[in-house]
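**Q** got a predicted model here, sequence first, then my questions.
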Amino acid sequence: MLSRVAETIYWIGRYQERAENTARLILVNTNLTLDLPKNLLPHWEPLISILGCEDEYNERHPERTERRIVNFLISDESNPDSILSALANARENARTIRDILPREGWEVTNSMYQNAVEKKTDSYARAGRQGYLEQIMNELQHLTGLLAGTMNHDMAYDFLNLGRKVERADMTTRIIDVRSGFSPPHDMPRLRPFEDLLWMSILKSLSAYQMYRQSMQVRINRKDVIKFLFCDHLFPRSVAYCVENIGEYLARMPLPPKGKCTGRLENLHDLLDVPINRQLDNHALHDYIDQIQSELAGLHNDISNNFFPQMQN
């Protein structure tokens, strides 16, 4: 397989997963504004920092209001990290390799982008935002299932899933990171009962609520939710599950053993033991997530250097 084609497929997986998880991230905040008391409402500014687009936002917008931030993250195609930008990039990449993908995969990718553009005004207000984002998530999940059932499970499919799992692991940590700043203050004990509600919202945003209850068999609490979302080896959106899948896809690649990639994976496995061994307060959790994100970014660079040396993305 040509390096150019492999990289294109890898980025299709990343862009599709990025669009879905950005939608999940926004829904976390939107749902929390409905469930929490006014004096514990989440802020919208952290989403800009967590998604790494603070500089782009500051260049275009003087104010940090909910509507401006949400529109910037959903429908502003001048923002390379918006949902519509991710869908547009996935569509353009798919267009250039239409002979590799099943025809139905291209058609769904194309129509999904067109529908998202056509209905983007639905996302401007809270009343229509949830339905708009849920439709995008459902269409992306449909596309994932379609490709799994109609595409040869060959090297191209492995690169698609490699990109998807790198992005998913990273975005799962970002979704959890958004929550880490919302804990009730210690001097307001009457708000402490809302702590579990916050973690329930995180589980639901990752479609993880039922699987958490099945696997952990305990009431929702901070420590066990962290353990489940980072370390569970059966739930497809946990960081550990994604890291294990990445290792499996890399092991099947035709090139010689990838020393740097293997080292990164070992570092990630070591980090994923931490939540099991000790309780993480908010500051420690944020630092811990930074370490995981740093290793995932390094892993992406190692993958690019090993497999895509001819191109820069």
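**A** Thanks, I have it.
**Q** buried stuff in the helix or strand where Met137 lies?
**A** With elements taken from DSSP states H and E, the one containing Met137 is helix 126-150. Using 16 or more other CB atoms under 10 Å as the test for burial, helix 126-150 gives 129-130, 132-133, 135-137, 139-140, 143-144, 146-147. Quick note: C-beta positions are derived from backbone N, CA and C, even for glycine.
**Q** give me the residues contacting that helix.
**A** With contact meaning CB atoms under 8 Å, 6 or more residues apart in numbering, helix 126-150 is reached by 16-17, 19-20, 23-24, 26-27, 30-31, 33, 70, 74, 83, 87, 101-102, 104-105, 108-109, 112, 115-116, 119-123, 157, 160, 164.
**Q** could you point out which element follows it?
**A** Assignment by DSSP H and E places the next element after helix 126-150 at helix 155-179.
**Q** name the next helix or strand following the worst-scoring helix or strand of the chain on mean pLDDT along the chain.
**A** Ranking every helix and strand in the chain by mean pLDDT, DSSP states H and E puts helix 274-277 at the bottom, with a mean of 68. Note on helix 274-277: by DSSP H and E, the next helix or strand toward the C-terminus is helix 282-307.
**Q** residue ranges in the stretch 51-200 of the chain under the pLDDT threshold?
**A** Scanning the stretch 51-200 of the chain with the threshold set as pLDDT under 70 gives 179-194.
**Q** list the ones among the contacts of helix 126-150 that fall in helices.
**A** 16-17, 19-20, 23-24, 26-27, 30-31, 33, 70, 74, 83, 87, 104-105, 108-109, 112, 115-116, 157, 160, 164 (DSSP state H).
**Q** flag every buried residue along the host helix or strand of Tyr212.
**A** Using DSSP H and E, Tyr212 falls within helix 209-216. Residues of helix 209-216 classed as buried: 211-212, 215 (neighbour count, 16+ other CB under 10 Å).
**Q** that helix - contacts with which helices or strands?
**A** In terms of contacts (3 or more CB pairs under 8 Å, 6 or more residues apart in numbering; DSSP states H and E), helix 209-216 is packed against helix 194-205, helix 222-231.
**Q** now it against helix 194-205, angle please.
**A** Per axes from the mean of the first three to the mean of the last three CA atoms, to 10 degrees, the angle that helix 209-216 makes with helix 194-205 is 110 degrees.
**Q** hmm, Asp158 and Pro254 touching each other?
**A** No - with contacts counted by CB atoms under 8 Å, Pro254 stays clear of Asp158, the gap being 10.2 Å.
**Q** looking at those two, which is more packed in?
**A** Asp158 (20 against 7; other CB atoms under 10 Å).
**Q** my read: the more buried one touches Tyr249, true?
**A** Yes - assessed by CB under 8 Å, Asp158 is found in contact with Tyr249 at 4.8 Å.
**Q** pick the one among the buried residues of helix 126-150 closest to Ser201.
**A** Set against Ser201, the nearest of these by CB to CB is Gln130 (13.0 Å).
**Q** would you quantify the distance from that closest one to Asn29?
**A** Computed as CB to CB, to the nearest Å, the Gln130 to Asn29 distance reads 11 Å.
**Q** what's the answer for Tyr113, then?
**A** Per CB to CB, Tyr113 is found 24 Å from Asn29.
**Q** neighbours of Arg237, how many?
**A** Neighbour tally, Arg237, other CB under 10 Å: 20.
**Q** quick check, it in contact with Lys204.
**A** No - judged on CB under 8 Å, Arg237 makes no contact with Lys204 at a distance of 12.0 Å.
**Q** quickly list what's touching both of the two.
**A** Contact criterion CB under 8 Å, 6+ apart; residues shared by Arg237 and Lys204: none found.
**Q** could you report the neighbour count for the closest residue to Ala169 other than its chain neighbours?
**A** Leaving out its chain neighbours, the residue that sits closest to Ala169 by CB to CB, 6 or more residues apart in numbering is Cys242, at 3.8 Å. The tally of other residues near Cys242 (other CB under 10 Å) stands at 24.
**Q** okay, and Cys242 sits in which element?
**A** Element membership for Cys242, per DSSP H and E: helix 239-251.
**Q** looking at the buried residues of helix 209-216, spot the one nearest Gln291.
**A** Nearest to Gln291 among the buried residues of helix 209-216, with distances taken as CB to CB, is Tyr212, at 23.7 Å.
**Q** now do the contacts for that closest one.
**A** 203, 220, 224-225, 228, 235.
**Q** Asp177: which of those residues is nearest?
**A** Using CB to CB, Val225 comes nearest to Asp177 of the contacts of Tyr212, at 13.5 Å.
**Q** could you list which residues are in contact with the closest one?
**A** With the criterion set at CB under 8 Å, 6+ apart, Val225 makes contact with 199, 202-203, 212.
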